[in-house]
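A.B. asks: Show me the folded form of this:
(one chain, ligands or ions: 2)
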Amino acid sequence: MAKLFRAVIMGPPGSGKGTISERIAQSFGLARLSSGDFVRENIAANTDAGVLAKTYIERGLLVPDHVMTRLLLPRLEEMTRHSWLMDGFPRTLAQAKALNSTCDLDLVISLNIPYETLKERLSDRWIHPASGRVYNMGFNPPHVQGRDDISGEPLIQHDDDKPEALVARLRHYKDVAKPIIDLYKSKGILHTFSGTETDRIWPYINSLLSTKIPSTSQTDTQRIPMP
Ligand SMILES: Nc1nc2c(ncn2[C@@H]2O[C@H](COP(=O)(O)OP(=O)(O)OP(=O)(O)O)[C@@H](O)[C@H]2O)c(=O)[nH]1
Ligand SMILES: Nc1ncnc2c1ncn2[C@H]1C[C@H](O)[C@@H](COP(=O)(O)OP(=O)(O)O)O1
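C.D. replies: Ligands and ions are numbered 1, 2, ... in the order given. Presented below is the predicted three-dimensional model:
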């Protein structure tokens, strides 16, 4: 069997993780895993971890590490035959250590995007809450203004995408991400990409992955649903 490939994408809110993950999944056929999707699916399915996670999200808090790991790691253990790319996890050093003990990562992509760029993008970001689909009124607008392309349902803006909340979110990201980035740097698997436009960063990520991902592992192009 071809060697499997496991990667994580990190970056501050609005850095383009979701957008780039989608491109990577499309181009290289990795399964795209999103911690936010896992959380939403568990809430919808009323699992024990989902019920617990909901109590934090409703208060605008991150889900505690032990709940996140309980929710995610068993799913990763089921993916022994898949290559995947994870977005949204790990978000703390404790999560990174838990992930370490479950699998060996091949690569970590870290996005380094200037604050002004993040602020502009997020103030223009609209979301379809049920699916997590993301639009940007300039960069990738919906076909019909204010409506999700697939369901036709209304799009909303997150309160925490507003500039006053963003400063605190970015500061928090820097604080918690630093030790994780240092850990991956010390393992020699960290690749950092800097810039203000996804379309200019993408060719570099694309060529890096072309050298790393064996073509035979490019088999699964879907998001993985809950069992
Ligand atoms: N103008 C512009 N917008 C972009 C670019 N790349 C991504 N976006 C938009 O910026 C917003 C943030 O991108 P996402 O892919 O959602 O970023 P993220 O890192 O997943 O964000 P979080 O989910 O908050 O962590 C979205 O509205 C994207 O459509 C770009 O190069 N230029
Ligand atoms: N690694 C993680 N640790 C703690 N909470 C997490 C998490 N990943 C996701 N969550 C929780 C808190 C988030 O507000 C929620 C939705 O995640 P998300 O889709 O990545 O959204 P956001 O980018 O708005 O934070 O799920």
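A.B. asks: Could the C-alpha coordinates of the one helix or strand L209 maps to be exported in PDB?
C.D. replies: Following DSSP states H and E, one finds L209 within helix 198-212. Extracted C-alpha coordinates of helix 198-212, given in PDB (Å, rounded to 0.1, in the frame of the first residue of the first chain):
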ATOM      1  CA  THR A 198      -4.300  33.200  -1.200                       C
ATOM      2  CA  ASP A 199      -3.900  33.000  -4.900                       C
ATOM      3  CA  ARG A 200      -0.200  34.000  -4.600                       C
ATOM      4  CA  ILE A 201       0.500  31.600  -1.700                       C
ATOM      5  CA  TRP A 202      -1.300  28.700  -3.300                       C
ATOM      6  CA  PRO A 203       1.300  27.900  -6.000                       C
ATOM      7  CA  TYR A 204       4.000  27.500  -3.300                       C
ATOM      8  CA  ILE A 205       1.900  25.100  -1.300                       C
ATOM      9  CA  ASN A 206       0.900  23.300  -4.400                       C
ATOM     10  CA  SER A 207       4.500  22.700  -5.400                       C
ATOM     11  CA  LEU A 208       5.600  21.700  -1.900                       C
ATOM     12  CA  LEU A 209       2.800  19.100  -1.700                       C
ATOM     13  CA  SER A 210       3.500  17.800  -5.200                       C
ATOM     14  CA  THR A 211       6.900  16.700  -4.000                       C
ATOM     15  CA  LYS A 212       5.600  15.200  -0.700                       C
END
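A.B. asks: Residues touching that helix, excluding its own?
C.D. replies: With contact meaning C-beta atoms under 8 Å, 6 or more residues apart in numbering, helix 198-212 is reached by 5, 16, 19-20, 23-24, 27-28, 106-107, 109, 111, 139, 191, 193-195. Every residue, glycine included, has its C-beta placed from N, CA and C.
A.B. asks: Quick one: residues in contact with stretch 71-80.
C.D. replies: 31, 33, 35, 38-39, 42, 47, 49-50, 53, 63, 84, 89, 98-99, 102-103, 224, 227.
A.B. asks: Pull the contacting residues for the residue in the chain that ligand 2 sits nearest to.
C.D. replies: Closest approach between the chain and ligand 2, counting by C-beta to the nearest ligand atom: G36, at 1.9 Å. Under the criterion of C-beta under 8 Å, 6+ apart, the neighbours of G36 are D87, G88, G132.
A.B. asks: What of L107?
C.D. replies: Per C-beta under 8 Å, 6+ apart, neighbours of L107: F5, R6, A7, V8, I189, H191, L208, L209, K212.
A.B. asks: returning to that earlier point: mind checking how far the residue of the chain closest to ligand 2 is from ligand 1?
C.D. replies: 7 Å (C-beta to the nearest ligand atom, to the nearest Å).
A.B. asks: mind checking how far that residue is from L71?
C.D. replies: 11 Å (C-beta to C-beta, to the nearest Å).
A.B. asks: Okay, helices next: where are they in the chain?
C.D. replies: Using DSSP state H, the helices of the chain run over 17-28, 35-44, 48-57, 65-78, 93-102, 115-123, 163-186, 198-212.
A.B. asks: pLDDT at the residue most central in space within the chain, what is it?
C.D. replies: Closest to where the C-alpha atoms of the chain average out (C-alpha atoms, centre = their mean) is D87, at 2.2 Å. With respect to pLDDT, D87 scores 95.
A.B. asks: what's stretch 148-159 in contact with?
C.D. replies: Under C-beta under 8 Å, 6+ apart, the answer for stretch 148-159 is 125-131, 133, 135, 142-144, 146-147, 165.
A.B. asks: so which of those comes closest to Y173?
C.D. replies: A165 (12.4 Å; C-beta to C-beta).
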